[in-house]
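> Dropping a prediction and its sequence here:
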Amino acid sequence: MFCREHPAEFRPHQEELKGLGARLVFVSTGTPAMARDFREQQRVTASIWVDRRRATYRHLGFKRSPGSTLFSPAILKHAWRALRKGFRQGATQGDPWQQGGVLVVRRGGEAVFCFASAQAGDLASMEDVLAATRAAS
């Protein structure tokens, strides 16, 4: 459900991000076919890169753990938030244990914002992402 919630947070800001000169990219642990389905279902216009080996996640230090991150008490709070917004758990695709995050990189390669999810459903604030993107543009 969180893999649906997070892109939904970005959806209304796609044009604003584009106007700032930003390029929004989602990284998936699934297959190219899963990425195509994701783009269609989530109505995102952004690129989706497939990283089945999770090298990007490891490089950024994003957690992968079935225990401490997925089954933490905070997950109930995140799940309740997602459920109230209408998101439901569907068929799992890709690596269900891989936690995500958000990275904003300035032209030239300097990272100006990095948010690594502490557990499933721990999402970066869109206000913080937009502020970092504005500062980077």
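Nice, I can see it.
> how near is residue 122 to residue 2?
Per CB to CB, to the nearest Å, residue 122 is found 9 Å from residue 2. In short, each C-beta sits where N, CA and C put it, glycine included.
> so what's in contact with those two at the same time?
Here residue 122 and residue 2 have residue 78 as joint contacts, going by CB atoms under 8 Å, 6 or more residues apart in numbering.
> what's around the residue lying closest to residue 102 once chain neighbours are set aside, how many residues?
Leaving aside its sequence neighbours, residue 102 sits nearest to residue 124 (CB to CB, 6 or more residues apart in numbering; 4.1 Å). By the measure other CB atoms under 10 Å, the count of residues near residue 124 is 21.
> and residue 124, helix, strand or coil?
coil (DSSP: H, G, I helix; E, B strand; the rest coil).
> List phi and psi for it.
phi -70, psi 140 (degrees, to the nearest 10).
> list the contacts for it?
101, 102, 115.
> Quick check: the second one is in a strand.
Yep, that's residue 102 we're talking about. Yes: looking at residue 102 with three-state DSSP, it is inside a strand.
> The chain should start at 15 in everything you say after this.
Yes, from this point I'll number from 15; that puts the last item at residue 116.
> Tell me which residue lies farthest from the centre of the chain.
residue 122 (22.2 Å; CA atoms, centre = their mean).
> State the distance from it to residue 145.
Relative to residue 145, and taking CB to CB, residue 122 is found at 19 Å.
> Please apply the same query to residue 104.
Distance from residue 104 to residue 145, by CB to CB: 31 Å.
> How about residue 34?
For residue 34 relative to residue 145 (CB to CB), the value is 11 Å.
> ok, now residue 98?
Distance from residue 98 to residue 145, by CB to CB: 25 Å.
> ok, back up a step: more crowded one of residue 104 and residue 145?
More crowded of residue 104 and residue 145, by other CB under 10 Å: residue 145, with 14 against 10.
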